[in-house]
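Colleague: Okay, sequence plus prediction incoming.
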Amino acid sequence: MDKVKIDSSFIRGMLSKDEEAGVVRGLVGLAQGLGITIAAEGVRNADQQTSLLLSGCEQGQGQLYSSTLSANDALKLLRTNSSRYQLA
């Protein structure tokens with residue numbers, strides 16, 4: 001295992017529901033403790049992004065960053081904006 005991914009259902013409710021916020025904090029702590037990457041799915045707004053960054057989440061994906069893209073369109077986006085993105 002090299003990455004923990006937080007499901008979008010927890011991200012959706014993390015700002016309004018204590019249980020979801022606790023799951024997010026717990027998963028971030030687990031990943032940090034294991035020394036592996038943590039990623040959040042379904043990031044839709046800046047408040048979610050800020051909360052995730054402050055909690056220590058390293059990666060995010062969702063509508064805040066881009067709509068759903070085909071593989072070819074994703075490559076075009078990365079090539080066009082290569083200075084903004086780090087490819088792993």
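Modeller: Now that the structure is in, tell me what you want to look at. None of these values were measured; they are calculated from a predicted model. Numbers count the residues shown, from 1 in each chain.
Colleague: quick one: the strands in this structure?
Modeller: Ranges of strands within the chain are 3-6, 37-41, 59-61, based on DSSP state E.
Colleague: Figure out which of these is closest to Gly22.
Modeller: Closest approach to Gly22 among those is made by strand 3-6 (12.1 Å; Cβ to Cβ). (Glycine included, C-beta is placed from N, CA and C.)
Colleague: Neighbouring strands of that closest one in the sheet, and parallel or not?
Modeller: In the sheet, strand 3-6 lines up against strand 37-41 (parallel) (DSSP bridges).
Colleague: which residues sit against the strand it pairs with?
Modeller: 2-8, 11, 24, 27-28, 31-32, 48, 52, 56-62 (Cβ atoms under 8 Å, 6 or more residues apart in numbering).
Colleague: pLDDT (mean, whole number) over that strand?
Modeller: The pLDDT scores in strand 37-41 average 96.
Colleague: about what we covered before: list only those of the contacts of strand 37-41 flagged as buried.
Modeller: 4, 6, 11, 24, 27-28, 31-32, 48, 52, 57, 59-60, 62 (16 or more other Cβ atoms under 10 Å).
Colleague: want to try CSV for those, with distance to Asp73 and pLDDT as columns?
Modeller: CSV is the format used below for the buried ones among the contacts of strand 37-41 (distance: Cβ to Cβ, whole Å; pLDDT from 0 to 100):
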residue, distance to Asp73, pLDDT
Val4, 27, 92
Ile6, 25, 96
Ile11, 23, 97
Val24, 29, 96
Leu27, 30, 95
Val28, 30, 96
Ala31, 29, 95
Gln32, 33, 95
Gln48, 24, 96
Leu52, 25, 96
Cys57, 25, 95
Gln59, 20, 94
Gly60, 19, 94
Gly62, 16, 93
